[in-house]
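Enquirer: from the sequence below, what's the structure:
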Amino acid sequence: MNSQSFPRTTAPTTAGPQLRLLRRQARLSQLELALITGISQRHLSCIETGRARPGPGTLHNLLMALEVPLEQCNSLFLASGYAPRYETTPLSSPAMDAVRDAITHVLHANNPAPAIVLGSHWEVLAANASTQVLFDLLGLPTDATQGLNLLTTLLQPGGLGDHLINPEQIRSIAWQRATREALDNPLLAELLQNLDAPPSCSAVSNELPPLVLTRIRSPHGELNFMSTFTTFGMPLDITVTSLRIEHLIPADPKTWQTMTAAYARSLLEQPPG
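Expert: Residues are numbered from 1 along each chain as shown. Model prediction:
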């Protein structure tokens, strides 16, 4: 068989059919999407069939309404004959000053509860003081969050995963979430290839709690945390879309007391100035 490429019939290659597919995946009718975006259903139909080319503003509104990932949005702009619209700005760039300030504020406000900033590959980009306090309680190395990957430390021996009371649950949830994200993230997929998949967590209690807690074994006894995430609500930059802050909120009075006391001690131990 020669190497000649054959036409693809399963995936649209022009902007109109791609938009139609995305709309159907979002379970929206043409009328519903037209009402959301403020364009006429007739014009939307012409766009989807290729009889009309959407302007940049119209295309942007359609893609935002369909909640299309920004990387894919750039492909749609190219398919429509426009330059890619959405940048991947380094977090250290001056243009990201407001973003970094917001992250710093959220991290500081979360003390004495741990909070970490994660990138698109689960790399830890920043952490608050209480994260290091928790690591100190567990006997993990000083500055253990520097260069840390949360997925790696949960799944590989010698990391945070070794201190979990419910490692099967947490590792299974982390693996499943990362595997879903890796479908559109080649670098994360490569990371997963170098990690061992955890055993499937099949045990399910008859009475399920409201959410899965991160249960940690420490010298002070069991510490229980609820995991929540903060993301930026209206990102127009690919870097910003990938950022998320994980908050480990103490789930019981004992955990609150332990973290509050340890955080207060860490403040007293800091050198003056």
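Enquirer: buried residues in the longest strand seen in the chain?
Expert: Identified as the longest strand of the chain according to DSSP state E is strand 221-230. Neighbour-count burial for strand 221-230, counted by 16 or more other CB atoms under 10 Å, picks out L223, N224, F225, M226, T230. Any C-beta I mention is one placed from the backbone N, CA and C, and that applies to glycine too.
Enquirer: partners of it, with directions?
Expert: The strands beside strand 221-230 in its sheet (DSSP bridges) come out as strand 214-218 (antiparallel), strand 244-250 (antiparallel).
Enquirer: so which residues make contact with that strand?
Expert: Contact partners of strand 221-230, identified using CB atoms under 8 Å, 6 or more residues apart in numbering, comprise 106, 113-114, 134, 137, 165, 211, 213-216, 244-252, 254-255, 258-259.
Enquirer: where's S80 relative to T14, distance?
Expert: 9 Å (CB to CB, to the nearest Å).
Enquirer: again with G119
Expert: Counting by CB to CB, the separation of G119 from T14 is 33 Å.
Enquirer: look at the two and report which has more neighbours.
Expert: G119 (17 against 11; other CB atoms under 10 Å).
Enquirer: how about the more buried one: what's its closest non-neighbour residue?
Expert: Spatial nearest neighbour of G119, chain neighbours left out: L125 (5.3 Å); criterion: CB to CB, 6 or more residues apart in numbering.
Enquirer: next secondary structure after the one helix or strand the one you found maps to?
Expert: Per DSSP states H and E, L125 falls inside strand 124-127. Proceeding C-terminally, strand 124-127 gives way to helix 129-137 as the next helix or strand, assigned by DSSP H and E.
Enquirer: rounded mean pLDDT for that following helix, please.
Expert: Helix 129-137 shows an average pLDDT of 94 in the prediction.
Enquirer: do you have the helices of the stretch 101-250 of the chain handy? List them.
Expert: Assigned by DSSP state H, counting those that start in this stretch, the helices in the stretch 101-250 of the chain fall at 129-137, 150-155, 167-182, 186-193, 238-242.
Enquirer: mind putting these into a markdown table with mean neighbour count?
Expert: Shown next, in a markdown table, are those (neighbours: other CB atoms under 10 Å):
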| stretch | mean neighbour count |
| --- | --- |
| helix 129-137 | 21 |
| helix 150-155 | 21 |
| helix 167-182 | 17 |
| helix 186-193 | 14 |
| helix 238-242 | 19 |
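Enquirer: closest to P90 out of those?
Expert: helix 238-242 (7.0 Å; CB to CB).
Enquirer: that closest one: how far from the chain's middle?
Expert: Distance, stretch centre to chain centre, for helix 238-242: 9 Å (CA atoms, centre = their mean, to the nearest Å).
Enquirer: in terms of secondary structure, what does that helix contact?
Expert: Using 3 or more CB pairs under 8 Å, 6 or more residues apart in numbering; DSSP states H and E, the elements in contact with helix 238-242 are helix 70-79.
Enquirer: where does V124 land on pLDDT?
Expert: 94.
Enquirer: repeat that for D162.
Expert: Looking at D162, the pLDDT reads 94.
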